[in-house]
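Student: Build the 3D model from these lines:
(one chain, ligands or ions: 3)
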Amino acid sequence: MKYESQKTAKLYFIAAIGLFVGQILFGLIMGLQYVMGDFLFPEIPFNVARMVHTNLLIVWLLFGFMGATYYLVPEEAETDLVAPWLATLMFWIFLAAGAATVAAYLLVPYATLAELTMNDLLPTMGREFLEQPTITKLGIVVVVLAFLANVGLTILKGRKTVVNLVLLLGLVGLAVFFLFAFYNPINLVMDKFWWWWTVHLWVEGVWELILGAILAFILIKTTGVDREVIEKWLYIIVAMTLITGIIGTGHHYYWIGTPEYWQWWGSIFSAMEPIPFFMMTVYAFNMVNNRRREHPNKAAVLWALGTAVMAFLGAGVWGFLHTLAPVNFYTHGTQITAAHGHMAFYGAYVMIVLAMISYSMPLMRGRTAANSPRSQIVEMWSFWLMTVAMVFITLFLTGAGILQVYLQRFSDAPMDFMVVQDKIALFYWMREIAGLVFLIGLILYCVSFFVGTDDPEVAIKEIEA
Ligand code: HEM
Ligand code: HEM
Ligand SMILES: [Fe+2]
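Tutor: Ligands and ions are numbered 1, 2, ... in the order given. The predicted structure follows:
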């Protein structure tokens, strides 16, 4: 760590991990409700648990992106953040707003919450992922604007690298597309049409730039490969992401009442979306194979390579699986979608945030380059447990999805939704078990921060040994 203000990231990372644990607990509650319908009813109904699970996911990933940015930008720009105090202040505002919102989801019926927060003045609530009360959304805008100003001015002041500029482009895009969360037309077709401008253009557009920039930074740091080489890859990845991902939004416009040409545009462009993800895999392995040095932080390199592989599998392969209109006609809104959603979010965005935490936390905690080998071994165990568990969650959901599509939509004698759900319950039980393994992996991850030694001198000796 070269600049004092990089330390701001630490708070953000700690909050991110804490909320991640919350997200998984609610995932497990829902997983159980799938097979034991009245579990925790009426205290925590499924729809509330779902909202908490997905909202915590998005919020902790945002904490993770912000932390990663505060760490990365000063080092790339070779100058301290212009206003570290603002970053810290915004952290507490964001955390308080996030906690209050989740508490409100759990304590107040949603309709009452909408009334209390005067949703009727500017109705934005009630849509998947964008359930936050309008005042929370406004709070997010304030936090993000302060964040962008801080980061933007730091970049302007300092050295301008491709990594920083791609990251900034991604972050500005994130802010701009969030604005569509405020547009909530009465017409349901229009509503859905614009809703995807936030949801799809985030994960298959601007967030991919953030992913590419953070991955590039970690690879530069851990492999010592020439920046120029990595930058060339980054340019092509950014270009391919935007070329395929923007019009690829059409893969959500097949059956919502939009013109039929979207079935062509959506199919053709989204079928090419795996390309930038595949390029990330190839380039990550290329860089690590051609590395100029052995970085002592093996866990961080493992997370970086894991991200590249799992993002390609979850987004690229499992995305492609159901993206062509004739296939999506049958699979739309089934467990196939959930299988893909889980692996893609985990592989791309969960893992890149954990990779950045893995790389930067030891440095922020004064452990020179890496945690002790003992701590890294625990961390690598957590990597494999979480990643393999997620592979199984995905496979079980895919199995459930294939049966669901067949029994409910494809066979000559289609069955009712709930009849089919009963028939595929075994898959849901297995998903729950895999989810428990995931939780164990996550607990180990948290434990790894307390294993080994806090004494940098001892840590260096451990690494040398
Ligand atoms: C990291 C990137 C990605 C993430 C995080 C992600 C996540 C998701 C999520 C959560 C959904 C469900 C949305 C909902 O209806 O609530 C979804 C839907 C979908 N995704 Fe992705 N996705 C990614 C990349 C891709 C790619 C690259 C493709 C195509 C190759 C793709 C194809 C689809 C399709 C076709 C649907 C609609 C499924 C349906 O009709 O039910 N996704 N994605
Ligand atoms: C890092 C890990 C996880 C991520 C990134 C994640 C992400 C998501 C996302 C994006 C959705 C919305 C999916 C959609 O609309 O298709 C979702 C829903 C859900 N998740 Fe997770 N999740 C994770 C872990 C878990 C775990 C461990 C469990 C339980 C074992 C779980 C259970 C569920 C359930 C039951 C739903 C609701 C699906 C439905 O509405 O039918 N999740 N999760
Ligand atoms: Fe999409």
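
Student: residues from the chain in reach of ligand 2?
Tutor: Applying Cβ under 6 Å from any ligand atom, we find that the chain lies next to ligand 2 at 24, 27-28, 30-31, 34, 50, 53-54, 57, 337-338, 341-342, 345-346, 350, 431-432, 435, 438. The C-beta positions use only the backbone N, C-alpha and C, and glycine is treated the same way.

Student: Write out the residues of the protein neighbouring ligand 3.
Tutor: 200, 204 (Cβ under 5 Å from the ion).

Student: Closest residue of the chain to ligand 3?
Tutor: Of all residues in the chain, residue 200 sits closest to ligand 3, at 3.8 Å by Cβ to the ion.

Student: where does that residue land on pLDDT?
Tutor: In the predicted model, residue 200 carries a pLDDT score of 98.

Student: Now do the contacts for it.
Tutor: Each residue near residue 200 by Cβ atoms under 8 Å, 6 or more residues apart in numbering is listed here: 245, 248, 249, 252.

Student: again, 10 Å this time
Tutor: Neighbour list for residue 200: 177, 245, 246, 248, 249, 250, 251, 252, 253, 270 [criterion: Cβ atoms under 10 Å, 6 or more residues apart in numbering].

Student: Make JSON lines out of these and add neighbour count.
Tutor: Shown next, in JSON lines, are the contacts of residue 200 (neighbours: other Cβ atoms under 10 Å):
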{"residue": "177", "neighbour count": "19"}
{"residue": "245", "neighbour count": "23"}
{"residue": "246", "neighbour count": "14"}
{"residue": "248", "neighbour count": "26"}
{"residue": "249", "neighbour count": "21"}
{"residue": "250", "neighbour count": "23"}
{"residue": "251", "neighbour count": "26"}
{"residue": "252", "neighbour count": "22"}
{"residue": "253", "neighbour count": "22"}
{"residue": "270", "neighbour count": "25"}
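
Student: which one of those residues sits closest to residue 369?
Tutor: residue 245 (35.5 Å; Cβ to Cβ).

Student: Now name the helix or strand holding that closest one.
Tutor: In the assignment (DSSP states H and E), residue 245 maps to helix 227-248.

Student: Then residue 15?
Tutor: Residue 15 belongs to helix 8-35, assigned by DSSP H and E.

Student: The helix or strand that that helix is followed by vs ligand 1: in contact?
Tutor: Using DSSP H and E, the helix or strand that follows helix 8-35 in sequence is helix 46-77. No - shown here: helix 46-77 not in contact with ligand 1 (Cβ under 6 Å from any ligand atom), separated by at least 8.2 Å.

Student: and the angle for helix 46-77 with helix 8-35?
Tutor: Interaxial angle, helix 46-77 versus helix 8-35 (axes from the mean of the first three to the mean of the last three Cα atoms, to 10 degrees): 160 degrees.

Student: So for the helix holding residue 15, mean pLDDT?
Tutor: In this model, helix 8-35 has a mean pLDDT of 98.

Student: Could you check that helix and say which residues are buried?
Tutor: Neighbour counts over helix 8-35 (16 or more other Cβ atoms under 10 Å) mark 8-17, 19-20, 22-35 as buried.

Student: got it, and stretch 328-343?
Tutor: 328, 331-332, 334-343.

Student: Just the closest of the residues you listed to residue 134, please.
Tutor: Nearest to residue 134 among the buried residues of stretch 328-343 is residue 341, at 25.5 Å by Cβ to Cβ.

Student: For that closest one, list the residues it contacts.
Tutor: 54, 57, 203, 314, 318, 319, 394, 397.

Student: How about residue 133?
Tutor: Residues near residue 133 by Cβ under 10 Å, 6+ apart: 97, 100-101, 104-105, 110, 113-114, 116-119, 124-125, 139.

Student: Likewise for residue 244?
Tutor: Per Cβ under 10 Å, 6+ apart, neighbours of residue 244: 204-205, 208, 268-277.

Student: Those residues: which two are farthest apart?
Tutor: It's 208 and 268 that sit farthest apart of those, by Cβ to Cβ, at 18.9 Å.

Student: residues in the chain within reach of ligand 1, list them.
Tutor: Residues of the chain lying near ligand 1 by Cβ under 6 Å from any ligand atom: 128, 203-204, 251-252, 270, 273-274, 311, 315-316, 319-320, 322-323, 328, 332-333, 337, 340-341, 344-345, 348.
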